[in-house]
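>>> Build me a structure from this.
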Amino acid sequence: MSETPPHRKRDASATTEAILTAAREVFTEKGYDGAGTREIAERAQVNVALISRYFGSKEGLFAAAVPPMMTLDAVLAGDMAGFGTRLAASLTHKTARKGFDPMLALLRAASSPEAVPVLRQALQAQVLHPLADRLEGPATLERAALIGALVVGFDLLTRVLGLTATGADAMDALEQTLAKSVQALVDQR
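This next block holds a predicted model:
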């Protein structure tokens, strides 16, 4: 039997943020289907009824917690001539960390029929279209989708499945190859 969460002073914004933080962690660890609202409430130290009150449902909570964090803003900043290098560096320098990771949350939720429409809409609006808007030449949205596929595939193989290059030299070579592959899609005219 779990303990009753400690009494928290009423503060809707602090409660909302505590729930969102806990939800991001649990969705990262367990995916959409494996995450439970009771576990999220316990981690946030709130009553589970507050999730329904603030977010309506687990789907509403997922939509508020994960998709808004899925952006390429940091690597899109700057000249597109260095985009491949920035993106590859951001992917190869990720380490196993506790807490929220938007890519792992996405990958672990991708098999859920409830989560996929929310993820699809967020990826299109927050990742693919902003990237396509920065590309020049033909088929910008298609090229943005291919870059997205490289990113998701890379993270799936390296961080979810644990297939990694051995040694610093191998990882450097992997990063350079990834950067060149992404940049080739960026530079296509």
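>>> Show me how far stretch 131-143 is from its chain's centre.
Centre-to-centre, stretch 131-143 and its host chain are 22 Å apart (Cα atoms, centre = their mean, to the nearest Å).
>>> That one - what's its average pLDDT?
Mean per-residue pLDDT for stretch 131-143: 97.
>>> Stretch 105-115 too?
The model assigns stretch 105-115 a mean pLDDT of 90.
>>> Please state the backbone phi and psi of residue 36?
The phi and psi values for residue 36, taken as degrees, to the nearest 10, are phi -120, psi 140.
>>> scratch that, residue 114 is what I was asking about
phi -80, psi -30.
>>> my guess is it contacts residue 35, does it?
No - between residue 114 and residue 35 there is no contact, the gap being 11.1 Å when judged by Cβ atoms under 8 Å. Yep, even glycine has a C-beta here, placed from its N, CA and C like the rest.
>>> and the residue positioned nearest the centre of the chain, how far is that from residue 66?
Centroid-nearest residue in the chain, with Cα atoms, centre = their mean: residue 102, separated by 1.9 Å. Computed as Cβ to Cβ, to the nearest Å, the residue 102 to residue 66 distance reads 7 Å.
>>> I'd say residue 145 and residue 127 touch.
No - if you go by Cβ under 8 Å, residue 145 and residue 127 don't touch, sitting 9.5 Å apart.
>>> More neighbours: which of the two?
residue 127 (22 against 18; other Cβ atoms under 10 Å).
>>> mind giving me the domain ranges of the chain?
Domains of the chain are assigned by automatic domain parsing as 12-58, 68-187.
>>> most tightly surrounded among those domains?
Mean neighbour count (mean count of other Cβ atoms under 10 Å) peaks for domain 12-58 among those, with a mean of 18.
>>> what's the distance between it and the middle of its chain?
Distance, centroid of domain 12-58 to centroid of chain: 17 Å (Cα atoms, centre = their mean).
>>> do the same with stretch 138-156
The answer for stretch 138-156 is 15 Å, by Cα atoms, centre = their mean.
>>> Stretch 111-122 now?
12 Å.
>>> which other residues reach it?
Contact with stretch 111-122 is made by 31-33, 58-59, 62-63, 66-68, 70, 106, 109-110, as judged by Cβ atoms under 8 Å, 6 or more residues apart in numbering.
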